[in-house]
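J.: What shape does this take:
(2 chains)
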Amino acid sequence: QKEVEQDPGPLSVPEGAIVSLNCTYSNSAFQYFMWYRQYSRKGPELLMYTYSSGNKEDGRFTAQVDKSSKYISLFIRDSQPSDSATYLCAMRENYGGSQGNLIFGKGTKLSVKP
Amino acid sequence: DSGVTQTPKHLITATGQRVTLRCSPRSGDLSVYWYQQSLDQGLQFLIQYYNGEERAKGNILERFSAQQFPDLHSELNLSSLELGDSALYFCASARGGQNSGNTIYFGEGSWLTVV
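T.: Residues are numbered from 1 along each chain as shown, chains lettered A, B, ... in the order given. Model prediction:
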């Protein structure tokens, strides 16, 4: 079982739809959870990060972490064609040692149609 | 623009050859990370340097090596290249070491094709 599982999609939605992207993980020691957006042939850029469980909202984006279920989500409201990209979840353990580095999901490719 | 600069952007080389990828981190960032991204494996952590010293190693092959220079730029050396090494190689940088915050900034990547 991989440490981080993410449905690769592709996911196609109409403009204005609510998008739900998800990751599951197996390592209960993960404490920091991030979502990166990657446009084609570009480097990933950080969208949001959350510590431990809970919700975090930033504009049209909401990140949720459920540590009891080892499940994280990213919701995009009022999706726009410019949101079309690959979304990668990433997570890491708390401080110290090599565990400090991020483990990425494989990414979900999202296409928002006008 | 993340501020992380990688060269070259594209590289085509033959099997058995050796290449060097170069990375300049964001101004003030002391940590440099190297990642490999392929279609089947996703984004894989290779190695991290902090202020010139190796800090963490991931899934880096013995044929690959890296270093970080006093001016903080970093190079990733890939030798005895195989077809399976074809991938997008990303450099990322962060202000601190492993115990710092979570924001790492990625460069645009170096696309390596081995033929």
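J.: now for the helix or strand where B:Gln67 lies, which elements pack on it?
T.: Assigned by DSSP states H and E, B:Gln67 belongs to strand B:64-68. Where contact means 3 or more C-beta pairs under 8 Å, 6 or more residues apart in numbering or on different chains; DSSP states H and E, strand B:64-68 is packed against strand B:42-50, strand B:74-78. Heads up, the C-betas are built off the backbone N, CA and C, glycines and all.
J.: a markdown table please, covering those and showing mean pLDDT.
T.: Formatted as a markdown table, these follow (pLDDT from 0 to 100):
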| stretch | mean pLDDT |
| --- | --- |
| strand B:42-50 | 90 |
| strand B:74-78 | 98 |
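J.: Reformat those as JSON lines; add mean neighbour count and distance to B:Trp111.
T.: Formatted as JSON lines, the helices and strands packed on strand B:64-68 follow (neighbours: other C-beta atoms under 10 Å in any protein chain shown; distance: least, C-beta to C-beta, whole Å):
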{"stretch": "strand B:42-50", "mean neighbour count": "22", "distance to B:Trp111": "14"}
{"stretch": "strand B:74-78", "mean neighbour count": "20", "distance to B:Trp111": "13"}
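J.: tally of neighbours for the residue lying closest to B:Glu53 once chain neighbours are set aside?
T.: Among residues not flanking B:Glu53 along the chain, B:Gln68 sits closest, at 7.6 Å (C-beta to C-beta, 6 or more residues apart in numbering or on different chains). Around B:Gln68 there are 23 other residues, counting by other C-beta atoms under 10 Å in any protein chain shown.
J.: now A:Asp7
T.: A:Asp7: 15 surrounding residues under other C-beta under 10 Å.
J.: for A:Ala17, same thing?
T.: 14.
J.: pretty sure it is in a strand, no?
T.: No. Under DSSP: H, G, I helix; E, B strand; the rest coil, A:Ala17 sits outside any strand and is assigned coil.
J.: What's the separation between it and A:Pro114?
T.: For A:Ala17, the distance to A:Pro114 (C-beta to C-beta, to the nearest Å) stands at 12 Å.
J.: can you tell me how far B:Gln6 sits from chain A?
T.: 8 Å (C-beta to the nearest C-beta, to the nearest Å).
J.: Which elements pack onto the helix or strand where A:Val112 lies?
T.: Per DSSP H and E: A:Val112 is located in strand A:108-113. Packing partners of strand A:108-113 (3+ C-beta pairs under 8 Å, 6+ apart): strand A:11-14, strand A:19-25, strand A:85-93.
J.: check contacts around the residue nearest to B:Glu53.
T.: Applying C-beta atoms under 8 Å, 6 or more residues apart in numbering or on different chains to B:Gln68 gives the contacts B:Val32, B:Tyr49, B:Tyr50, B:Asn51, B:Gly52, B:Glu53, B:Ser74.
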